[in-house]
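J.: how would this look folded up:
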Amino acid sequence: MRAIRRGDRGNAVAEIRSILRSLELLPPMRELGTRAEFDEQTEVAVRAFQQSRGLSVDGQVGDETWRALDAARWRLGARTLYQSVPDPLVGDDVRQLQERLLEMGYDVGRADGIYGSRTARAVATFQREVGLPPDGACGPHTMHALRRLGRKVVGGAPLALREAAKLHQSGRALINKTIVIDPGHGGPDLGVVVPDGVLRWTEADLAFDLANRLEGRLAAAGMRVHLTRGPAPAAELGDRERTQLANDLNADLFISLHIDGYDNPDASGVATYHYGSDNGVNSTVGERLAGLVQREIVMRTGMHDCRTHAKTWELLRLTRMPAVRVEVGYLTSSVDRAQLIDPLFRERVVEAIVAAVQRMYYPVEDDVPTGSIDVSSLRATVAAST
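T.: Down below sits the predicted model:
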């Protein structure tokens, strides 16, 4: 849908303002639906909501912000939760239940706020252990049992422990591991577009070139590599379709490549994002990969370091494997653009990401200094082992 922004009126704006009031981000007020206005106060409240949820802070209600607002209506215990196919229940109450189960040692995967089969199995296991009918639905009796019991897992976050154990068991070699590379945008969505004389540079084209180069390097190192799109897909892919592809492939890693843009032409540099929420739930392996990617790119290219950041974007939250999104510079910056349009520079970015992926599978005690891995040697290692 078109993003709802300041100046808009109507029932959708009234709904947004109602949710913001329930979250105490707007003062109580009674208003008629079609007369409700998306005013400055509403924009400030939307920005505060986006900031608190780890979303992109633009003060507008697009698809992802709307879904987050819709989920925020619900608090755990307000309704019975159950697995519904094909339209699963979604909400903050589901996320709160998942986080509670994680604290108690049950495996629900990532707390994504979606009541899927994994969550239903965890609830059924809990019910069986406390003597309730194991129907996988969370109603009043199950809620009462959950409130009576404390956490079982001590000494670390359960999700982090499981992610770290899986990474350790997979071994340090890249051979036969599966990675999904996501070139941002594509199709009718060109992303950031900057005219340059008779030429026109687009985020979609540059992101695909980076992804295509990265695919070749990682395949040469022995990985099974999949791209979420080709150079010109027939239809625009949403983030949910991209994450579903990665989940269906049971990928080990997910890397999304983007190039930023901003009204201020002085904005420049590289930033990397991983999954993390405001309540401390995050992907520790994803955070480590983000840090490695960020440091390797900064070291090998000299780009300004805009650091790593935790976000709850669906692209990071809905993937069931460690996932990062890399914003490789600002196309709106003359400095970054001059580098990005140089194929040799893009090759250095790709080498940095390959080095980061290899380092992530090294045990921490065997890690090597940033910038020290000779990426060209990875091909020889694969050839020697096959």
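
J.: give me the pLDDT for the residue nearest to Gly269 when sequence neighbours are not counted.
T.: Nearest non-adjacent residue to Gly269, counting by Cβ to Cβ, 6 or more residues apart in numbering: His304, 3.1 Å away. (Each C-beta comes from the backbone N, C-alpha and C, glycine too.) For His304, the pLDDT comes out at 96.

J.: wait, doesn't His304 sit right on Ala267?
T.: No. Using Cβ atoms under 8 Å, His304 makes no contact with Ala267, being 9.3 Å away.

J.: by mean pLDDT, flag the weakest helix or strand of this protein.
T.: Least confident helix or strand, the chain: helix 376-385 with a mean of 58, by mean pLDDT, DSSP states H and E.

J.: hmm, back to that, for the residue nearest to Gly269, grab phi and psi.
T.: With angles defined as degrees, to the nearest 10, His304 sits at phi -60, psi 140.

J.: so what's it up against?
T.: Neighbour list for His304: Ser268, Gly269, Val270, Val298 [criterion: Cβ atoms under 8 Å, 6 or more residues apart in numbering].

J.: please apply the same query to Leu76.
T.: By Cβ under 8 Å, 6+ apart, the contact set of Leu76 is Asp92, Asp93, Gln96, Leu97, Arg100, Met143.

J.: could you pull out the strands for the protein?
T.: Along the chain, the stretches classed as strands by DSSP state E are 178-183, 193-196, 199-202, 224-227, 253-260, 270-275, 305-311, 323-330.

J.: could you list the low-confidence segments of this protein?
T.: Scanning the chain with the threshold set as pLDDT under 70 gives 1, 30-34, 150-159, 233-235, 278-281, 379-386.

J.: okay, domains of it per the record?
T.: Taking automatic domain parsing as the reference, the chain has its domains at 11-71, 92-154, 161-385.

J.: of those domains, which is nearest Leu81?
T.: Nearest of those to Leu81, taken as Cβ to Cβ: domain 92-154 at 4.1 Å.

J.: what is the burial count for Asn176?
T.: Asn176 has 11 neighbouring residues, counting by other Cβ atoms under 10 Å.

J.: and the gap between it and Ala246?
T.: Distance of Asn176 to Ala246, computed by Cβ to Cβ, to the nearest Å: 17 Å.

J.: name the nearest of the contacts of Leu76 relative to Tyr115.
T.: Nearest to Tyr115 among those: Leu97, at 8.0 Å, using Cβ to Cβ.

J.: so what's the closest one up against?
T.: Leu97 neighbours (Cβ under 8 Å, 6+ apart): Leu76, Leu81, Tyr115, Thr119, Val123, Cys138, Leu146.

J.: what do you get for Ser333?
T.: Ser333 touches Pro265, Asp266, Ala267, Ser268, counting by Cβ under 8 Å, 6+ apart.
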